[in-house]
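Peer 1: Everything below, folded, please.
(chains A and B)
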Amino acid sequence: MLPVGWLLAAVVVAVLLTMWVTFTLTRLDRLHARVDAAQAALDAQLVRRAAALLHVAEAPDSGVAASRREHYEAVARAALNLVTGERQGAENAVGRAVSEIVQSPTPVRADAVEELREGAARVLIARRFYNDAVRDTRTLRARRMPRLLRLAGRRAVPQFFDIDDTLPAAAQPNPPATSETEPPRPETAKESS
Amino acid sequence: MRIGIVCPYSWDIPGGVQAHVRDLAEKLISLGHTVSVLAPGDEDMPGLPRYVVVAGRAVPIPYNGSVARLQFGVVSAARVRRWLRDGAFDVVHVHEPAPPSLSLLTCMIHDGPLVATFHVATVRSRFLSMFDTVLQPFLEKLSGRIAVSPAARKVIVEHLGADAVVIPNGVAVAHYARAEPLPGYPRDGGTIGFIGRYEEPRKGMDVLVGALERLARGRPGLRLLVAGRGEADDFRAELPAGLVEHIVLLGQVSEADKARMLRSIDVYCAPNTGQESFGVILLEAMAARTPVVASDLEPFRRVLDGGAAGELVPVGDPDALAASLAALLDDPARRERLAAAGARAVAPFDWSVIVEEVLRVYELAIAGAGIAPR
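Peer 2: So this is what the prediction gives:
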């Protein structure tokens, strides 16, 4: 082939590569923005749920067992005042407290139960959306070309957020029996942030 | 909220997804939201509601035993773009985003909060996973996925490698509870109801005919009301001797007549042999306060609260079905108890409850998409 032909082929390859890189960079930008937004949304819902627990635990007429009141308050405050660190443990404790109240054998006021259920339902949705965003982002980052070309830049690999957020019993459209199965998670090459 | 909904199937053909989109849109409008539905079809289609925008003619494609109308192309893409621009939606909700469809096209074009509902738990969604790498750039724009049943969620988890929030199909409970029975009903002698395309083997009409043969012996007044499309003459010709006078074929009925039919019968029977994702029809019967006898399939068991809100019988067993139907036909008090249990079980599926769950998803999808609502 003539040198001109080679040159032309090289130009075509360069153009295609540039287009692909631009496309992938756009996707990565969009995905990281989605992860950030989904994380903010999840944080807001976790705070809302903990605040609901605190509210119900502090209300004198909510019907919550008097012996457990202090414990619930402490759990809710621990989650609300959390700076960093044991996030998942604190949120799991809130989740356990919420299901305990919702399933309580003694009558708890209906609006208190409703407030807690609403909070729990929102956490469940927000967490699924967040983990979906994380999964999509990690999948793309883990692919060979984006990894080799370091297209994700210095952005940290987003982490899955794992807590047990299933609520037992009535009017719960996501029964625990099937919530245990979760989609597979892609392994991203070790990148420190 | 400004909400755009995309229905991939033509509005003039009755179907579960279309009915779902219509009920959802009307419920949202009644709550004061601004809703526009994009669906395949022509402007001159009769009886098009004001909130529907048509995206041009659709190509019929055989799918899952019936014919769906789908579309894909340059003209459709232009229409989708214009609809999105004119609508300025806070959230766009696509249904069944499988290729090739208006829903997937919308995923490709739209930038902003995007929610998708996956309706079927069968082959079609698996088909999606074959195109995984090609479709991923578009599917990763979805900020939230909804599955109509745990089975549909399982398909999403296993075949798409994504998660979904389960929101069951809604039922307009009052529409069924208040319907006027058909003229001449309810009647004496026992009336059983069946709705669906009776020639489709998976609907289980064979099993019901078998059960009817056994039941008709001691019950001269027994009648089976059938609503749904099919070749009536062929069906009648193949019936066992003496059964023809027990069976009334209504043909395809309107939504209003479906509710009236459900209010006219003593027992609703769903003898399906498989491939049901959800079982909306059972909920509709329960909303009409009609006791239900259904095959013991996973989705039916779930809708019938494990058998507390309706009778479950072994799949494909005419003897067991006949025994269960007989027990109900002969015992009005038992029918009344089962109808009351059904009415209680259907309450969480009323659209007024379901729409709140959908709005909750919209709100979190908007928050999670990284774009502030207008």
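Peer 1: show me where pLDDT drops low in the chain?
Peer 2: Using chain A here. Where chain A drops to pLDDT under 70, the residues are A:1-2, A:83-85, A:168-182, A:186-193.
Peer 1: that's the wrong chain, I wanted chain B
Peer 2: If you take pLDDT under 70 as the line, chain B has these spans: B:57-73, B:99, B:121-133, B:276-277, B:371-374.
Peer 1: Show me what the longest helix belonging to it is packed up against.
Peer 2: In chain B, assigned by DSSP state H, the helix with the most residues is helix B:351-368. Contact here means 3 or more Cβ pairs under 8 Å, 6 or more residues apart in numbering or on different chains; DSSP states H and E; on that basis helix B:351-368 packs against helix A:3-58, helix A:110-142, helix B:16-30, strand B:91-95, strand B:114-118, strand B:144-147. (C-beta placed from N, C-alpha, C; glycine too.)
Peer 1: Can you give the strand pairings for the fourth one, parallel or anti for each?
Peer 2: Strands that pair with strand B:91-95, judged by DSSP bridges, come out as strand B:2-6 (parallel), strand B:114-118 (parallel).
Peer 1: next structured bit after it?
Peer 2: Sequence order places helix B:102-109 as the next helix or strand after strand B:91-95, per DSSP states H and E.
Peer 1: Could you do the first one as well?
Peer 2: Counting by DSSP H and E, the element after helix A:3-58 in chain order, helix or strand, is helix A:66-80.
Peer 1: looking at the helices and strands packed on helix B:351-368, which is closest to B:L321?
Peer 2: Closest of those to B:L321 is helix B:16-30, at 24.3 Å (criterion: Cβ to Cβ).
Peer 1: List of residues touching that closest one?
Peer 2: B:3, B:5, B:7-11, B:35, B:37, B:39, B:49, B:51, B:95-96, B:117, B:119, B:148, B:169-170, B:172, B:255, B:280, B:351-352, B:355, B:358-359 (Cβ atoms under 8 Å, 6 or more residues apart in numbering or on different chains).
Peer 1: could you give the angle of it to helix B:102-109?
Peer 2: 60 degrees (axes from the mean of the first three to the mean of the last three Cα atoms, to 10 degrees).
Peer 1: other SSEs contacting the next helix-or-strand element following helix B:16-30?
Peer 2: Per DSSP H and E, helix B:16-30 leads on to strand B:34-39 as the next helix or strand towards the C-terminus. Counting contacts by 3+ Cβ pairs under 8 Å, 6+ apart, strand B:34-39 packs against strand B:2-6, helix B:16-30, strand B:52-54, helix B:74-87, helix B:102-109.
Peer 1: could the ones you listed go into TSV alongside mean neighbour count?
Peer 2: As requested, those are exported to TSV (neighbours: other Cβ atoms under 10 Å in any protein chain shown):
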stretch	mean neighbour count
strand B:2-6	24
helix B:16-30	19
strand B:52-54	20
helix B:74-87	16
helix B:102-109	24
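Peer 1: Which of the ones you listed sits closest to B:E213?
Peer 2: helix B:16-30 (30.7 Å).
Peer 1: what angle separates that closest one from helix B:351-368?
Peer 2: 80 degrees.
Peer 1: re earlier: buried among the contacts of helix B:16-30? Make that a ChimeraX selection.
Peer 2: The buried residues among these can be selected in ChimeraX (16 or more other Cβ atoms under 10 Å in any protein chain shown) with this line:
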select /B:3,5,7,8,9,10,11,35,37,39,95,96,117,119,148,169,170,172,280,351,355,358,359
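Peer 1: hmm, back to that, can you redo the helices and strands packed on helix B:351-368 as a markdown table with distance to B:G193?
Peer 2: Shown next, in a markdown table, are the helices and strands packed on helix B:351-368 (distance: least, Cβ to Cβ, whole Å):
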| stretch | distance to B:G193 |
| --- | --- |
| helix A:3-58 | 44 |
| helix A:110-142 | 35 |
| helix B:16-30 | 18 |
| strand B:91-95 | 28 |
| strand B:114-118 | 29 |
| strand B:144-147 | 29 |
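Peer 1: Can you tell me which of these is nearest to B:V303?
Peer 2: That would be helix B:16-30 among those, by Cβ to Cβ, at 14.1 Å.
Peer 1: How far off centre is the helix or strand that contains B:A333?
Peer 2: Secondary structure from DSSP H and E places B:A333 in helix B:332-346. Taking Cα atoms, centre = their mean, to the nearest Å, one finds the center of helix B:332-346 at 22 Å from the center of the full chain.
Peer 1: swap in stretch B:333-353?
Peer 2: So, by Cα atoms, centre = their mean, the centroid of stretch B:333-353 is 18 Å from its chain's centroid.
Peer 1: Show me which residues of that stretch are buried.
Peer 2: Of the residues in stretch B:333-353, those buried (16+ other Cβ under 10 Å) are B:R335, B:L338, B:A339, B:A341, B:G342, B:A343, B:A345, B:V346, B:F349, B:D350, B:W351, B:V353.
Peer 1: next one: stretch A:38-48
Peer 2: In stretch A:38-48, counting by 16+ other Cβ under 10 Å, buried: A:A38, A:Q39, A:A41, A:L42, A:Q45, A:L46, A:R48.
Peer 1: Closest one to B:E231 out of those residues, please.
Peer 2: Closest to B:E231, out of all of the buried residues of stretch A:38-48 and judged by Cβ to Cβ, is A:A38, at 51.6 Å.
Peer 1: pretty sure that closest one is touching A:R127, no?
Peer 2: No. Counting by Cβ atoms under 8 Å, A:A38 does not reach A:R127; the two are 9.1 Å apart.
Peer 1: how deep is A:T106 tucked in, by neighbour count?
Peer 2: Residues lying near A:T106 (other Cβ atoms under 10 Å in any protein chain shown) number 9.
Peer 1: go on, A:D162?
Peer 2: For A:D162, using other Cβ under 10 Å, the count is 12.
Peer 1: who's in contact with it?
Peer 2: A:Q88.
Peer 1: circling back: to B:A232, which of the helices and strands packed on helix B:351-368 lies closest?
Peer 2: Checking these against B:A232 by Cβ to Cβ gives helix B:16-30 as the closest, at 23.1 Å.
Peer 1: how big is the angle separating that closest one from strand B:34-39?
Peer 2: 160 degrees.
Peer 1: how about helix B:16-30 as PDB, C-alpha atoms only?
Peer 2: Extracted in PDB, the C-alpha atoms of helix B:16-30 (Å, rounded to 0.1, in the frame of the first residue of the first chain):
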ATOM      1  CA  GLY B  16     -52.000  -5.100  29.800                       C
ATOM      2  CA  VAL B  17     -49.300  -2.500  29.400                       C
ATOM      3  CA  GLN B  18     -51.600  -0.100  27.600                       C
ATOM      4  CA  ALA B  19     -54.200  -0.500  30.400                       C
ATOM      5  CA  HIS B  20     -51.500   0.000  33.000                       C
ATOM      6  CA  VAL B  21     -50.200   3.200  31.300                       C
ATOM      7  CA  ARG B  22     -53.800   4.600  30.900                       C
ATOM      8  CA  ASP B  23     -54.800   4.000  34.500                       C
ATOM      9  CA  LEU B  24     -51.500   5.400  35.800                       C
ATOM     10  CA  ALA B  25     -51.700   8.500  33.600                       C
ATOM     11  CA  GLU B  26     -55.300   9.200  34.600                       C
ATOM     12  CA  LYS B  27     -54.600   8.700  38.300                       C
ATOM     13  CA  LEU B  28     -51.600  11.100  38.100                       C
ATOM     14  CA  ILE B  29     -53.700  13.700  36.300                       C
ATOM     15  CA  SER B  30     -56.500  13.400  38.900                       C
END
